[in-house]
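S.K.: coordinates for the following, if possible.
(one chain, ligands or ions: 2)
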Amino acid sequence: EKDITSQLPLRGKKILITAGPTYEPIDPVRFIGNHSTGKMGFDIADYAAQMGAEVIVVAGPTHLQPKQNNVHIQRVMTAEEMYEACMEIYPTCDVAICAAAVADYRPKQQAKEKIKKKEDNFTIELTKNKDILATLGAQKKQQMLIGFALETENEIANAQLKIQKKNLDLIVLNSLRDSGAGFGTPTNKVTFINKANEIEPLELKSKEAVAQDIIDKVIQYYEV
Ligand code: CTP
Ligand code: CA
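M.R.: Ligands and ions are numbered 1, 2, ... in the order given. Below is the predicted model of the structure:
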């Protein structure tokens, strides 16, 4: 009996994808979060699975579900939980794509009880979270590693710095400047930059189409 999935280009490849926001607790009822919906990461996951890959998504809080039934999901809340999950999964992966909007900082202390309202001004001390993508870059062996960058100034130069600092093969630079791009929208305006510093600006297109373009880069990487 012939298995038609054996002809798919990413057959036998295992891909780790981070998606969604992280929530960093302040007290039992409050958190610091962001507007990421996780759609970009889930679209990448669905298309990678369609191309035959074994896909595992480490997802922060989101109600999104993958459309493909062969996408595995590990749900987490905080950046620290996302980091731990990725550390466990990454060594067995061929590709990692970090599409999550990970909180850069978390409250230094988490209050045990709900914080009561008192003074007019209230300060929360924050401490830096570990950079998941940079850690994957530092531990990289055979993996193809892809990150995202969101920049509002010196976009290309800053993205190129991230390629170097995080040891990436490809970075997907998100432009917020063009309307219809970014959080909560169905479209994205992105530029691909690879480690050879080739710069490829794409048209404004749906997140599904951007997901396909990203996975096409993965397929090309294994074609040569
Ligand atoms: N990222 C990560 N872990 C973090 C922070 C970021 O894995 N703690 C990943 C994101 O998933 C993304 C990439 O790093 O793929 C770049 O995120 P971005 O916020 O653009 O860059 P930072 O390195 O956090 O730098 P800054 O926010 O200062 O621009
Ligand atoms: Ca950041």
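
S.K.: can you tell me which residues contact residue 39?
M.R.: Counting by C-beta atoms under 8 Å, 6 or more residues apart in numbering, residue 39 touches 64, 186, 207. For every residue, glycine as well, the C-beta is placed using N, CA and C.

S.K.: if we use 6 Å, what do you get?
M.R.: The contact partners of residue 39, by C-beta atoms under 6 Å, 6 or more residues apart in numbering, come to residue 207.

S.K.: and if you look at the one 5 residues further on?
M.R.: By C-beta under 6 Å, 6+ apart, residue 44 lies in contact with 17, 97, 211, 214.

S.K.: ok, 7 Å please
M.R.: For residue 44, the contact set (C-beta atoms under 7 Å, 6 or more residues apart in numbering) comprises 17, 97, 99, 211, 214-215.

S.K.: same check on residue 8?
M.R.: In this structure, residue 8 makes contact with 51-52, judged by C-beta under 7 Å, 6+ apart.

S.K.: quick one: stretch 33-45 to chain centroid distance?
M.R.: Mean C-alpha position of stretch 33-45 versus that of the full chain (C-alpha atoms, centre = their mean, to the nearest Å) differs by 8 Å.

S.K.: what mean pLDDT does that stretch have?
M.R.: Averaged over stretch 33-45, pLDDT sits at 96.

S.K.: keeping just the C-alphas, turn it into CSV.
M.R.: Taking C-alpha atoms only, stretch 33-45 is exported to CSV below (Å, rounded to 0.1, in the frame of the first residue of the first chain):
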residue,chain,number,x,y,z
GLY,A,33,0.0,40.6,28.5
ASN,A,34,-0.1,41.8,24.9
HIS,A,35,-2.4,41.8,21.9
SER,A,36,-1.0,38.8,20.1
THR,A,37,-3.7,36.4,18.9
GLY,A,38,-1.4,33.6,17.9
LYS,A,39,-2.8,33.5,14.4
MET,A,40,0.5,33.8,12.6
GLY,A,41,2.0,30.9,14.5
PHE,A,42,-1.1,28.7,14.1
ASP,A,43,-1.2,29.4,10.3
ILE,A,44,2.5,28.4,10.0
ALA,A,45,1.7,25.2,12.0
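
S.K.: is that stretch positioned near ligand 1?
M.R.: No - using C-beta under 6 Å from any ligand atom, stretch 33-45 never reaches ligand 1; the gap is at least 9.0 Å.
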